[in-house]
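A.B. asks: Any chance you could fold what I've pasted below:
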Amino acid sequence: MALSGCSGGLLLTAVVALLLLPAQYYVPDLYAADEQLVPPPKESPPHSVGAWFDLAFSHLPPLDLFFTLSLLILAFFTYICEWIQRKLMERRIVKLNQYLGASVDRLRAWDAQQEQLEATLKMVQNATCEYNLLLYLVLRQHRCLGANGPPSNCFFDKEFEEDLPFLRNATLDAQPV
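C.D. replies: Below you'll find the model as predicted:
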């Protein structure tokens, strides 16, 4: 995770750049004794900006300056690459969140449809059970009316409890009321 706008790669590049700088940049008095033995050459005062630039960096080794500038450019390039990568990941996360939201919405709609189908199926089962009961009673009455025997005994020739398992809906009996 980025710490105050700096990533791990940028911090590592900065540490490597600091470690590759010569020690005289950190501790200027380290080589001061050697430089005091050699008298500095007297130069004419600079007349232009380019001459000032040359005078300011004349005591710095050009190879050290090259490595320092290349490491600074590398640090900047690393920061730009990590910034681009972070933006791409943010876009991917946004797209994935949108896809996930759409999938959840589709799943909720499917679940609601399934619940509606289950309710319709239960309603059809109840209606079928009622239809079976009515059909049974009509057929029983029709059978009793068509019989030649006495009609008073027709309704009691078979126990009603014997036909109850045939007429009952097993799923409805198992549900608590």
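A.B. asks: Output the below-cut-off pLDDT ranges for this structure.
C.D. replies: Counting by pLDDT under 70, the chain shows low-confidence ranges at 1-6, 23-61, 146-177.
A.B. asks: and the longest helix for it?
C.D. replies: The helix spanning the most residues in the chain, taking DSSP state H as the definition, is helix 62-146.
A.B. asks: Run through who's touching stretch 72-87.
C.D. replies: By CB atoms under 8 Å, 6 or more residues apart in numbering, the residues outside stretch 72-87 that reach it are 2, 7, 9-10, 13-14, 17. Quick note: C-beta positions are derived from backbone N, CA and C, even for glycine.
A.B. asks: I'd like to know which of these is nearest to C129.
C.D. replies: Using CB to CB, A2 is the member of these that lies nearest C129, at 66.5 Å.
A.B. asks: burial of A75, as a residue count?
C.D. replies: The burial count assigned to A75 is 19, neighbours taken as other CB atoms under 10 Å.
A.B. asks: got it, and Y79?
C.D. replies: 16.
A.B. asks: can you check K87 too?
C.D. replies: Burial of K87 is recorded as 10 neighbouring residues (other CB under 10 Å).
A.B. asks: separation between it and V94?
C.D. replies: Look at K87 and V94: by CB to CB, to the nearest Å, they are 11 Å apart.
A.B. asks: Also Y136?
C.D. replies: 63 Å.
A.B. asks: Over to L117?
C.D. replies: Computed with CB to CB, the distance linking L117 and V94 is 35 Å.
A.B. asks: Can you get me a residue count around G9?
C.D. replies: Neighbour tally, G9, other CB under 10 Å: 14.
A.B. asks: Contacts only, for it.
C.D. replies: By CB under 8 Å, 6+ apart, the contact list for G9 reads 78-79, 82.
A.B. asks: Pipe those residues into JSON lines and attach distance to T68 per row.
C.D. replies: What follows is the contacts of G9, written out as JSON lines (distance: CB to CB, whole Å):
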{"residue": "T78", "distance to T68": "15"}
{"residue": "Y79", "distance to T68": "17"}
{"residue": "E82", "distance to T68": "21"}
